[in-house]
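Participant: would you be able to build a 3D model of this:
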Amino acid sequence: MKQQFEAAIKTLPQNDVQQLAIWLQSYINDSWDQQLESDLQSGKLDNLISKAEADIAAHNLRNLDEFIRNT
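Facilitator: Okay, here's the model as predicted:
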């Protein structure tokens, strides 16, 4: 099926390919948002949220730029 999609996309005009890419990214973003909302509601993220709140309360924080450079 992947090959069929690829072949079909290759026949589209460039503008249609760009519009498809925009739609696909929106679809992926919406799916991510729905999964995150589901995980929040189900409690899957409760431990991470509690740890983050505890770190904030203990002033155990790092600048995001510093964190990114050290990983």
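
Participant: based on its surroundings, how many neighbours for Ser26?
Facilitator: 10 (other CB atoms under 10 Å). (Each C-beta comes from the backbone N, C-alpha and C, glycine too.)

Participant: got the phi and psi for it?
Facilitator: With angles defined as degrees, to the nearest 10, Ser26 sits at phi -60, psi -40.

Participant: let me see the ranges of the helices in this structure.
Facilitator: Secondary structure of the chain (DSSP state H): helices located at 2-10, 14-42, 46-57, 64-70.

Participant: could you tell me the least trusted of those helices?
Facilitator: Comparing mean pLDDT across the helices of the chain, the weakest is helix 64-70, with a mean of 84.

Participant: buried residues in that helix?
Facilitator: Within helix 64-70, no residue counts as buried by 16 or more other CB atoms under 10 Å.

Participant: packing partners for that helix?
Facilitator: Applying 3 or more CB pairs under 8 Å, 6 or more residues apart in numbering; DSSP states H and E, we find helix 64-70 packed against no helix or strand.

Participant: so how far is that helix off the chain centroid?
Facilitator: 20 Å (CA atoms, centre = their mean, to the nearest Å).

Participant: and if you look at stretch 48-57?
Facilitator: On CA atoms, centre = their mean, the centre of stretch 48-57 falls 21 Å from the chain's centre.

Participant: likewise for stretch 45-61?
Facilitator: Worked out by CA atoms, centre = their mean, stretch 45-61 lies 21 Å from the chain centre.

Participant: go on, stretch 3-12?
Facilitator: So, by CA atoms, centre = their mean, the centroid of stretch 3-12 is 26 Å from its chain's centroid.

Participant: residues in contact with that stretch?
Facilitator: 17, 20 (CB atoms under 8 Å, 6 or more residues apart in numbering).

Participant: in CSV, could you pull the C-alpha coordinates for it?
Facilitator: Extracted in CSV, the C-alpha atoms of stretch 3-12 (Å, rounded to 0.1, in the frame of the first residue of the first chain):
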residue,chain,number,x,y,z
GLN,A,3,4.1,2.1,-2.8
GLN,A,4,0.6,2.9,-4.1
PHE,A,5,0.5,6.1,-2.0
GLU,A,6,4.0,7.1,-3.1
ALA,A,7,3.2,6.5,-6.8
ALA,A,8,-0.1,8.5,-6.5
ILE,A,9,1.7,11.4,-4.7
LYS,A,10,4.4,11.5,-7.4
THR,A,11,1.7,12.1,-10.0
LEU,A,12,0.3,15.2,-8.2
